[in-house]
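S.K.: Predicted coordinates and the sequence they were generated for:
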Amino acid sequence: MIARWLDSDFMYSLLRTPTALISMIVCILLAACALFAPWLAPTNPFDMAAINLMNGFTPPGAANEFTGDEFFLGTDDQGRDLYSAILYGLRVSLFVGLASVALAMFLGVTLGLLAGYLGGWVDAVIMRIADIQMTFPSILVAMLIYGVARGILPPNARADMAITVLILSIGLSEWVSFARTVRGTTIVEKQKEYVTASRLIGLSHLNIMARHILPNVINPILVIGTITLALAIIAEATLSFLGVGAPPTEPSLGTLIRVGQDFLFSGQWWIIFFPAATLLFLALSFNLLGDWLRDFYNPRLS
Amino acid sequence: MLSMIIRRIGQSTLVLLIVALVAFSMFRFVGDPVSVMLGQEATETDRENLRERLGLNNSLFVQYGRFVGRAIEGDFGVSYRTGEAVSAMIADRAPATIELAFVSGILATVLGISLGVITAINRKSFFSQVIMTVSLIGVSLPTFLIGVLLIWLFAVELGWLPSFGRSGVTDLGGWWHTSLLTVDGIKSLILPAITLGLYQMTLIMRLVRAEMLEVLGQDYIRFARARGLPLRKIYFDHALKNTLVPVITIIGLQFGSIIAFSIITESVFQWPGLGLMFINAIYHVDIPVMSAYLVMVSIVFVAINLIVDILYLFIDPRIRDAANAGAGE
């Protein structure tokens, strides 16, 4: 099984494209860091009892002048270990990114399949909505949904629900590209003989869409999913940086950069530098991986 | 061709009406306007009176019609947070955003086209390779990080430019204020304008380069060279002119994203424009300001799309013919 997988076209192309291989390794490493954050982090950044205010503003790799404690990447203004905060922030960023892409993918694929397979007024309504949404940049749509969702929630629930609202707003702002691609491929697939054959043996429309057409439109979905993940991670970081995303109690990488910006003028560069560099690696590696996947599945596009 | 234009205007109006419906629903269903405006200690009679006065007892359709009518007159009610008229807030802050968007748009267009032409003509030179690599990094950096990076370099390390705010503002007769007339004002505009225009600049540059490379390979360019025309004339009169149709489209459409990204740039630099107003409105759930911003931005977007489509009809004869054939059916 493993031998066959290693022998596939996919692995052949991956191993011979250094950019793709490196970005995939970086992706896996960062995902592992996020997954195992509670075990990798030396301290829990949310446990107020474990934080010593005296440790504030410790530069990276040097001992604090009062307590003598050393921190690999330094500490922020409140004495929070930056390395631990980044690991947990990575966790929030990746989780929000993955969850919102999953939502966008589910919505987009379902609506795209329905539009392409059923045609007629269903197609017209769905694609008109998609067209109107496409007129606006997705970050603007996400901000609006975030604002409306905040308005619907009672004020005391806003901080607790912030992550859910964030996932909802980014997910709802990114579904269009999935829907358009799936609709296009579905229209092509629908005319093929295996669909007619399925109809003849009496399968239901739902069955044909889910079990027969869906597997044939899955490759482009994976490509768009990877590229959208990079977009979603940047959208999340942007919203959190602007103060309308992840709350300070559950900081993502964007929130950490927002906090760090205040200390840029006083010379504590590390508070903003390390979270920003992590975000950059994360977004860039998913972007490059998505580019390679696109070339791999559709060489004509490059 | 006229019927095509009329149809496009009809579609745009429909889109605007749908956006207005979204804005109206936000206004009507997110939070209760009556309790927001009256506060806790109002009596039931006060509430009923206000409901009657705001027309909340009419049918939803009538209310929507009134909302659209007021929006056309530029009346979006008062801000929940400051009690100011939303239209006055927008009028007060619009000049800052328009100036920023205008300067960065010019910057992106001029630099984008010239760098695109240079990198296409000297494709293999060291300078072109550097520009292309840097532009790749510029595309993948999030806007707010570019802003932070520029602040760190030019405001903190070098201390050449101010890091935030809009200083040196001159009032021009009460309805417009500009920061372009003083040195301080121009200095405070430089960093935000670069941050906002950088992404558009790379996009225009890459497009111009790709189009130029394609045009330069064609026969009429070779013929012009054989005729012994000066290179400058070939590059700018013959080649660049023929790349401009897609470039104009992109510049037009990108103006919309400049508006969207001005929200980010304005918050990074605390630039007192519409974007900063919108972010604050989201933060404080100031629904009237949010819905007014939504309507205003969609008018700009729809208008740009419409203008680009109509320009296309005039510039490209093939599209015009197709439109005429379609009308004849």
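M.R.: Great, that's in hand.

S.K.: Chain B contacts on the stretch 101-250 of chain A?
M.R.: A:132, A:135-137, A:139-140, A:143-144, A:146-148, A:150-152, A:234, A:237-238, A:241-244 (C-beta under 8 Å from any C-beta of the partner chain). C-betas here are computed from N, CA, C, even on glycine.

S.K.: Show the buried residues in these.
M.R.: A:132, A:135-137, A:139-140, A:143-144, A:146-148, A:150-151, A:234, A:237-238, A:241-244 (16 or more other C-beta atoms under 10 Å in any protein chain shown).

S.K.: So which of those residues are in strands?
M.R.: Nothing among those maps onto strands, per DSSP state E.

S.K.: So which of the residues you listed belong to helices?
M.R.: Applying DSSP state H to these, the entries found in helices are A:132, A:135, A:139-140, A:143-144, A:146-148, A:150-151, A:234, A:237-238, A:241.

S.K.: between those residues, which is nearest B:Trp160?
M.R.: A:Phe241 (24.4 Å; C-beta to C-beta).

S.K.: so who does that closest one touch?
M.R.: For A:Phe241, the contact set (C-beta atoms under 8 Å, 6 or more residues apart in numbering or on different chains) comprises A:254-255, A:257-258, B:144.

S.K.: ok, and the most crowded of those residues?
M.R.: A:Gly254 (31 neighbours; other C-beta atoms under 10 Å in any protein chain shown).

S.K.: Could you report the distance from that residue to chain B?
M.R.: According to C-beta to the nearest C-beta, to the nearest Å, A:Gly254 and chain B sit 8 Å apart.

S.K.: If I look at that residue, what pLDDT would I see?
M.R.: Predicted confidence (pLDDT) for A:Gly254: 86.

S.K.: for A:Pro220, what are its contacts?
M.R.: By C-beta under 8 Å, 6+ apart, the contact list for A:Pro220 reads A:181-182, A:185, A:297-298.

S.K.: Okay, and the residue positioned nearest the centre of chain B sits in which element?
M.R.: Nearest to the mean C-alpha position of chain B, by C-alpha atoms, centre = their mean, lies B:Ile259 at 2.7 Å. Using DSSP states H and E, B:Ile259 sits in helix B:241-268.

S.K.: which is the next helix or strand following that helix?
M.R.: For helix B:241-268, the following helix or strand on the C-terminal side (DSSP H and E) is helix B:274-283.

S.K.: tell me the secondary structure for A:Gly202?
M.R.: Secondary structure assignment for A:Gly202 (DSSP: H, G, I helix; E, B strand; the rest coil): coil.

S.K.: Quickly note the distance from it to chain B.
M.R.: 40 Å.

S.K.: can you pull the contacts of that residue?
M.R.: Neighbour list for A:Gly202: empty [criterion: C-beta under 8 Å, 6+ apart].

S.K.: for A:Asn219, same thing?
M.R.: A:Asn219 makes contacts with A:Tyr297, as judged by C-beta under 8 Å, 6+ apart.

S.K.: Kindly format the C-alpha coordinates of the helix or strand where it lies as PDB.
M.R.: Per DSSP H and E, A:Asn219 falls inside helix A:218-241. What follows is helix A:218-241, C-alpha atoms only, in PDB (Å, rounded to 0.1, in the frame of the first residue of the first chain):
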ATOM      1  CA  ILE A 218     -13.100  16.400  -6.400                       C
ATOM      2  CA  ASN A 219      -9.600  17.200  -7.800                       C
ATOM      3  CA  PRO A 220     -10.200  20.900  -8.600                       C
ATOM      4  CA  ILE A 221     -11.900  21.200  -5.200                       C
ATOM      5  CA  LEU A 222      -8.700  20.100  -3.400                       C
ATOM      6  CA  VAL A 223      -6.700  22.700  -5.400                       C
ATOM      7  CA  ILE A 224      -9.100  25.500  -4.600                       C
ATOM      8  CA  GLY A 225      -9.300  24.300  -1.000                       C
ATOM      9  CA  THR A 226      -5.500  24.700  -0.500                       C
ATOM     10  CA  ILE A 227      -5.400  28.100  -2.100                       C
ATOM     11  CA  THR A 228      -8.500  29.200  -0.100                       C
ATOM     12  CA  LEU A 229      -6.900  28.000   3.100                       C
ATOM     13  CA  ALA A 230      -4.000  30.500   2.600                       C
ATOM     14  CA  LEU A 231      -6.500  33.200   1.800                       C
ATOM     15  CA  ALA A 232      -8.600  32.300   4.900                       C
ATOM     16  CA  ILE A 233      -5.500  32.400   7.200                       C
ATOM     17  CA  ILE A 234      -4.600  35.800   5.900                       C
ATOM     18  CA  ALA A 235      -8.200  37.000   6.200                       C
ATOM     19  CA  GLU A 236      -8.400  35.800   9.800                       C
ATOM     20  CA  ALA A 237      -5.100  37.400  10.700                       C
ATOM     21  CA  THR A 238      -6.300  40.700   9.000                       C
ATOM     22  CA  LEU A 239      -9.600  40.700  10.900                       C
ATOM     23  CA  SER A 240      -7.900  39.900  14.200                       C
ATOM     24  CA  PHE A 241      -5.200  42.500  13.600                       C
END
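
S.K.: Could you list the low-pLDDT ranges of the chain?
M.R.: Went with chain A since none was named. A:1-3, A:5-7, A:47-57, A:61-72, A:79, A:298-302 (pLDDT under 70).

S.K.: nope, chain B please
M.R.: Chain B contains residues with pLDDT under 70 at B:31-42, B:54-55, B:168, B:174, B:181, B:315-329.

S.K.: could you redo the last one with a cut-off of 90?
M.R.: Applying pLDDT under 90 to chain B flags residues B:1-103, B:105-109, B:112-265, B:267-276, B:278-329.

S.K.: would you list every one of the helices in the stretch 51-200 of chain B?
M.R.: B:60-72, B:86-121, B:126-140, B:143-150, B:183-216 (DSSP state H, counting those that start in this stretch).

S.K.: what would those helices look like in JSON lines with distance to chain A?
M.R.: Shown next, in JSON lines, are the helices of the stretch 51-200 of chain B (distance: least, C-beta to the nearest C-beta, whole Å):
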{"stretch": "helix B:60-72", "distance to chain A": "16"}
{"stretch": "helix B:86-121", "distance to chain A": "14"}
{"stretch": "helix B:126-140", "distance to chain A": "5"}
{"stretch": "helix B:143-150", "distance to chain A": "5"}
{"stretch": "helix B:183-216", "distance to chain A": "11"}
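
S.K.: And the nearest residue to A:Leu231 once chain neighbours are set aside, how close does it get to chain B?
M.R.: Among residues not flanking A:Leu231 along the chain, A:Glu174 sits closest, at 6.7 Å (C-beta to C-beta, 6 or more residues apart in numbering or on different chains). As judged by C-beta to the nearest C-beta, A:Glu174 and chain B stand 15 Å apart.

S.K.: what about dumping the CA coordinates of stretch B:162-176 to PDB?
M.R.: Provided in PDB are the C-alpha atoms of stretch B:162-176 (Å, rounded to 0.1, in the frame of the first residue of the first chain):
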ATOM      1  CA  PRO B 162       5.400  60.100  10.500                       C
ATOM      2  CA  SER B 163       4.000  56.700  11.500                       C
ATOM      3  CA  PHE B 164       0.300  57.500  11.800                       C
ATOM      4  CA  GLY B 165      -2.400  60.200  11.400                       C
ATOM      5  CA  ARG B 166      -3.100  62.900   8.800                       C
ATOM      6  CA  SER B 167      -1.400  66.100   9.600                       C
ATOM      7  CA  GLY B 168      -1.100  69.500   7.900                       C
ATOM      8  CA  VAL B 169      -4.700  69.500   6.800                       C
ATOM      9  CA  THR B 170      -5.900  72.600   4.900                       C
ATOM     10  CA  ASP B 171      -9.600  73.400   4.900                       C
ATOM     11  CA  LEU B 172     -10.900  74.400   1.500                       C
ATOM     12  CA  GLY B 173     -14.200  76.200   2.000                       C
ATOM     13  CA  GLY B 174     -15.800  73.800   4.500                       C
ATOM     14  CA  TRP B 175     -16.800  71.000   2.100                       C
ATOM     15  CA  TRP B 176     -13.300  69.600   1.300                       C
END
